[in-house]
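Q: Quick one, fold the following:
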Amino acid sequence: MNPSAITLHSEELARYSRHILLDEIGMHGQESLKRARVLVVGAGGLGSPAAMYLAAAGIGVLGIADFDKVELHNLQRQLLHGTSDVDNLKTESARSRLHDINPHVSVVLHNSGVTPENATSLFDQYDIVVDGSDNFGTRYLNNDAAYFSNTPLVFGSIFKFEGQVSVFNDNPEAPCYRCLFPDPPPPGSVPSCGEAGVLGTLCGIIGSMQALEAIKQVLQIGESLSGELLVLETLSMRTRKLKIKKDPHCPLCGTAPEIEIIRSESYQYNCDIASSDTENMANEPYPIEIDVSEANQILQTGKAVLIDVREPYEKEICKIEGSSQIPLNTIPANLDKLPTSDPLMLYCHHGSRSMQVTQYLRKNGFTNAINIAGGIDAWAREIDTNLQRY
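A: Numbering: from 1, shown residues only. Okay, the predicted model is just below:
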């Protein structure tokens, strides 16, 4: 980089004056921030606060990797975006908001997100990666690509009222994400925030912590969370730190690694249903799961029963016409109300809860139980676009 490009101009000196006053940062540190290149993966709940604070801090090049569009339900926690941004690319609204926060930051958009095909080469372009992803497949991909590109990875995760933060791959002796979680949890065991919910302000706290860890990495100040997992429980405001040791048997960074390249099939994690359960039910008279197009065709025959297993408040947001509501936790008490012959189709928000019900019913003799993949969210996208998504 041209030395003149890292000179702080008068307006920047005024903007960053509270940083420069800190002995641990000073002029040299602020110039280091201006030289830094940081990639934020995901412009959502964690990526929003992380990106905003990194931009405000004066990171020179800030990459935003996301392929998604803004939806109304994002606005409860994703403060990079506003109401007027709904249906627009998250990267575009992110660029507009970040430029307004700090026009001195160069915002680079990666509208394809992070994929197995581009991950390593993309990470090679940055000094630090901040992982704001919300699914296990992408987390493992980010970890592996960071390891192969020798790029520190600032990890964050959220679930309901609890958040976690750590730093992986920042030195040869540091553990990676796979040292902590060698394998994804069993399919269906961990609901997404779309199914379980998440406190909006928790995203702000954890994302800000990720920005802080990234800034500390750039400045080489303080104590890194490398080798530790910081856990925050917001309902009690208790924190604890768990030690993470480098696992010599880690399939990625261990002494005899099994993962030596990134393969696309390794990151196709399905959180809805275990394949073994599907195989065990493959010979049933009805398929265990169908897509919304198939479900719509069956409903039009008038020979199917449609059950909504969501909570009552969700029905007030939107519903599929003709459905009866039996919330998930009341299904066992209502078995006598369900048909055993005609197709019994079940839906929830995204298909996870209804799959649990479908599996339960199949084990209790309802071989006609069928899950609608993608739930009412897929129905709103593909069948009835007038439905309110959430």
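
Q: going forward, measure contacts and count neighbours with C-alpha atoms only.
A: Fine.

Q: count of neighbours near Gly132?
A: 32 (other CA atoms under 10 Å).

Q: any chance you could map the strands in this protein?
A: 37-41, 61-65, 106-110, 128-131, 153-159, 162-168, 228-233, 238-243, 289-290, 305-308, 324-325, 344-347, 369-372 (DSSP state E).

Q: Report the buried residues of the second one.
A: So the one you mean is strand 61-65. 61-65 (16 or more other CA atoms under 10 Å).

Q: Check the third one too.
A: When neighbours are counted by 16+ other CA under 10 Å, the buried residues of strand 106-110 are found to be 106-107, 109-110.

Q: Low-confidence regions, this protein specifically.
A: 1-5, 186-193, 269-284 (pLDDT under 70).

Q: Pop the domain breakdown of it in here.
A: 36-267, 275-382 (automatic domain parsing).

Q: Pick the most buried one from those.
A: domain 36-267 (a mean of 20; mean count of other CA atoms under 10 Å).

Q: how long is it from one end to the other?
A: 29 Å (CA to CA, to the nearest Å).

Q: mind listing the helices for the stretch 51-200 of the chain?
A: Using DSSP state H, counting those that start in this stretch, the helices found in the stretch 51-200 of the chain span residues 90-101, 119-123, 136-148, 177-180, 193-196, 200-219.

Q: Taking strand 162-168 as reference, get the angle to the third one.
A: Going back to what we said before, that points to helix 136-148. If you take axes from the mean of the first three to the mean of the last three CA atoms, to 10 degrees, helix 136-148 sits at 20 degrees to strand 162-168.

Q: now Leu39, which residues is it bridged with?
A: When bridges are called by DSSP bridges, Leu39 pairs up with Gly63, Val129.

Q: Pretty sure it sits against Asp124.
A: No: in this structure Leu39 lies outside contact range of Asp124 using CA atoms under 8 Å: 10.3 Å.

Q: if we can go back for a sec, any chance of JSON lines for the domains of the chain, columns distance to Thr7?
A: Converted to JSON lines, those look like this (distance: least, CA to CA, whole Å):
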{"stretch": "domain 36-267", "distance to Thr7": "11"}
{"stretch": "domain 275-382", "distance to Thr7": "49"}
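
Q: Quick one, which of those gets closest to Arg15.
A: Closest to Arg15 of those, according to CA to CA: domain 36-267, at 8.9 Å.

Q: Quick one: distance of that closest one to the chain centre.
A: Taking CA atoms, centre = their mean, to the nearest Å, one finds the center of domain 36-267 at 8 Å from the center of the full chain.
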